[in-house]
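> need a 3D model of the sequence below.
(2 chains)
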Amino acid sequence: MEKVKKILIVEDEIALITALSDKLTNEGYDVIKAMDGKEGLKSAILERPDIVLLDINLPVMDGITMLKELRKDEFGKSVEVVMLTNFNEYKLLADALAQGAHDYIVKSDWKLEDIVKLVSDKLK
Amino acid sequence: MIWLLASKGTISFMPIKQPKYSVKQVGLLSNLPEISREPRFRVKVNKNSQVIQNAIILSLECPSGFTFIPGQYIWLVLPECSKDYGVIDRGAYSISSGVNNPTLDLFIRTTNNKFTSKVKKLKIGEEVDIIGPMGSAFLAPISGVIMISGGTGISPFLSIIRSHMAEKLHLIAYNSNKEESIYYDKELQKISDTYDYQVICKTAEPQPSDFRQIISKKDKRPIFISGPQGFVDTVTNILLDLGVKSKRMRYEKNYPQTEESKLIKDMFATVFHNNKPNTTPTLPGVSDFFLQIVRQSSNYVIITDHNGYILFANQSCINMTGYTLAEMQGQSPRLWGGLMPYIYYQEAWRSLKKGNAIKRVVINRRRDGSLYTAIATTTPILRKGIYMSSEENITTLREVDKTKTEFISIASHQLRTPLSVVNWYAEMLLSGDIGKISDQQIKYLREIYLSNQRMTELVNSLLDVSRLELGTFVIKPETTNIVKVAQNVVDEQKIKIDEKHLKFSFQFEESIPTIQSDPKFLRIVMQNLLSNAVKYTPVNGKINITISLFDKNNVLLKVSDTGLGIPKDQRDKIFTKFFRADNVRSTSTEGTGLGLYIVKSVVENSGGKIWFTSKKNKGTVFNVLIPVKSLTKKKDVK
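Presented below is the predicted three-dimensional model:
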């Protein structure tokens, strides 16, 4: 049997992280949640997810810093990271992409359905 | 608008013709350069050599991004003066090197001046600040002209010659200092051997015989004369005696004076001389009453001659620019201007020479170095070229406008999170993820979902507008298949097109190449134009999109519909922010009035063009020229 893919979502907005994790759990993924960058970094290294959905604007440690730290780790250096943002400003995204993020999702413009599709495509 | 009126006498202070205002805004009000962005560079001294007695050439490294037009000048700020923006603590020098040189050469006389003696002591590697280039207001690349210079009047010409910005030049350079003259002769002969320049350097006073050979009646070449006033007087008189028409002669200084400019100048000479702005000068024929109106006006008013040199300035001008009347004397408004792109001034002159007034937004620099934004109106007020400029300071207005835009930006960002929450939860409920819901519930949920989608679109539009106005909308060109982008946009709107039973066609030339453009920008354009067409075309109407090659540099996108059309009297407003035409407002409440504003702004930001034709109740055709190579718009990004 194929191993269940693990997704780490790092997002501080409780309503959003709940919706996302419920949707992805329904789709059969193993979802881990983190509410700030520091916690997210710890989970990423410990749990070794197949993909990380990472918000940019986070408390304690912001998404860009978390990504930077993650890329220093042996496992984290290559894990797939998709940025979650409502600040689709180029500077921040450019920063994230420069730090090795693979893609980004503008939350208010994306349907959950499309996010599921993106995730499943990436995990194929 | 204020006119100087003459109650009697020979001066007619009436406009040449009824001024036609060409109101041109340079970019968006809030898209103008930032207040703090003064063109200031810190550079190293490459060479500081005494070429002749009392004159040095100071070579500075040319900072990257520094471009200038020959004849422009820079302010040189020495290290010990670098914090002080006062005019006295820095010197303005013409650049005498060519435009492609890795160094900026300044030819500096060093006699009897504290500043220049400090310049003389500058060591190689030492750092100085340069501000500029300035003074692009009254210059143009010139070919095929005769140039006559006296003393340091040669400086702007040297720059033109060394940069090879002009061909077929004929320069006669006078210099009473033999050493200087020999130096120039040697320097310039080197260049004239290679290029089609004739250079004659003389140490004697100008003589009629100097010009006889070159100034025949058949010769129509303009003559540019530059140098100290006495020199310019002498040369001009000689040339007039030789039968040269005065209109052939061009000057750097306010010379020769027309009768009118002389009168006005005399009138204010006492004011300038005493530097007492409250003294009322008198001139027979000019009404004190009207003069007082101009003087007391809360708007800045200056009067200049045909060369742009200041004849009069009112108290508001003194307050606004920080320069005293004494400092303005013999200067042009470039003393505080010259910050706008060269084309800005070129257009203004073109318009003024035709006798048309011009009104635009300008950024100028006060004596203390701070910048201000103003709406500037310049009007020709005399037949022989007397101009009146008036400025209204809008710096605060602009700041308020910017604050408002920033507020919208922040508010829109904050709105996006709750919008996402509603979107996602409604989507989950609708998809049945959480359990089965009744048809009635589905209907209600759909309304919530669709309304929320509309709100998301509105917020996105507001964000686009604020980005455009804050200059953070960055166009990032990449290899793009324009047909594919169009196809995607069409697919997204397919449901709405079908719902209204619209006959839709999409045609494109097979030969359309991939272009260098930002797909995000193309999407915005097509999405807005198509959704407008769909929204405002009645059931069973027709919509057509074509993409064709317009010329080798541009692709033409056409979106035509058989919709309501744009009312004739509202066509000039159709691209303005929040504007919705009367006929669409009465048929549909949906729509923000932002779409076309955004479309026009992004199209123009990327170097394209947009225009339309429309007939009431017959339909509208929007044409968009999209450059095959889009301009990159790099502004501050947030």
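> tell me how far residue B:575 lies from residue B:593.
The gap separating residue B:575 from residue B:593 is 10 Å, by C-beta to C-beta, to the nearest Å. Any C-beta I mention is one placed from the backbone N, CA and C, and that applies to glycine too.
> and the helix or strand where residue B:326 lies, how far out from the chain's middle?
According to DSSP states H and E, residue B:326 maps onto helix B:325-328. The chain centroid and the centroid of helix B:325-328 are separated by 26 Å under C-alpha atoms, centre = their mean, to the nearest Å.
> so how far is residue B:427 from residue A:121?
19 Å.
> between those two, which has more neighbouring residues?
A direct count of neighbours by other C-beta atoms under 10 Å in any protein chain shown for residue A:121 and residue B:427 places residue B:427 higher, at 19 against 9.
> how about the closest residue to that one other than its chain neighbours, what does it touch?
In space, and not counting its chain neighbours, residue B:427 is closest to residue A:112: 5.3 Å by C-beta to C-beta, 6 or more residues apart in numbering or on different chains. With contact set as C-beta atoms under 8 Å, 6 or more residues apart in numbering or on different chains, residue A:112 has these partners: A:19-20, A:23, B:424, B:427-428.
> what's the residue most central in space within chain A in contact with, if anything?
Centroid-nearest residue in chain A: residue A:53, 1.1 Å away (criterion: C-alpha atoms, centre = their mean). Counting by C-beta under 8 Å, 6+ apart, residue A:53 touches A:7-11, A:20, A:82, A:84, A:105, A:115, A:119.
> in PyMOL, how would I select the buried members of the residues you listed?
In PyMOL, this line selects whichever of the contacts of residue A:53 come out buried by 16 or more other C-beta atoms under 10 Å in any protein chain shown:
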select buried, chain A and resi 7+8+9+10+11+20+82+84+105+115+119
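> now the contacts of residue A:53 as a markdown table including distance to chain B, secondary structure and pLDDT?
As requested, those are exported to a markdown table (distance: C-beta to the nearest C-beta, whole Å; DSSP: H, G, I helix; E, B strand; the rest coil; pLDDT from 0 to 100):
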| residue | distance to chain B | secondary structure | pLDDT |
| --- | --- | --- | --- |
| A:7 | 16 | strand | 94 |
| A:8 | 19 | strand | 95 |
| A:9 | 13 | strand | 95 |
| A:10 | 15 | strand | 95 |
| A:11 | 10 | coil | 92 |
| A:20 | 7 | helix | 92 |
| A:82 | 15 | strand | 91 |
| A:84 | 10 | strand | 88 |
| A:105 | 10 | strand | 85 |
| A:115 | 9 | helix | 91 |
| A:119 | 14 | helix | 90 |
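> list just the nearest of the contacts of residue A:53 to residue B:114.
Proximity to residue B:114 was ranked across these by C-beta to C-beta; first place goes to residue A:84, at 62.3 Å.
> strands of the stretch 201-350 of chain B, start to end?
Applying DSSP state E, counting those that start in this stretch to the stretch 201-350 of chain B gives strands spanning B:223-226, B:249-251, B:300-304, B:310-313.
> and what of the stretch 501-638 of chain B?
B:503-508, B:515-517, B:542-551, B:554-561, B:609-615, B:619-627.
> least reliable of these going by mean pLDDT?
Here those differ in mean pLDDT, and the lowest is strand B:515-517 at a mean of 84.
> what comes into contact with it?
Outside strand B:515-517, the residues that reach it (C-beta under 8 Å, 6+ apart) are B:477-480, B:482, B:555, B:606, B:626-630.
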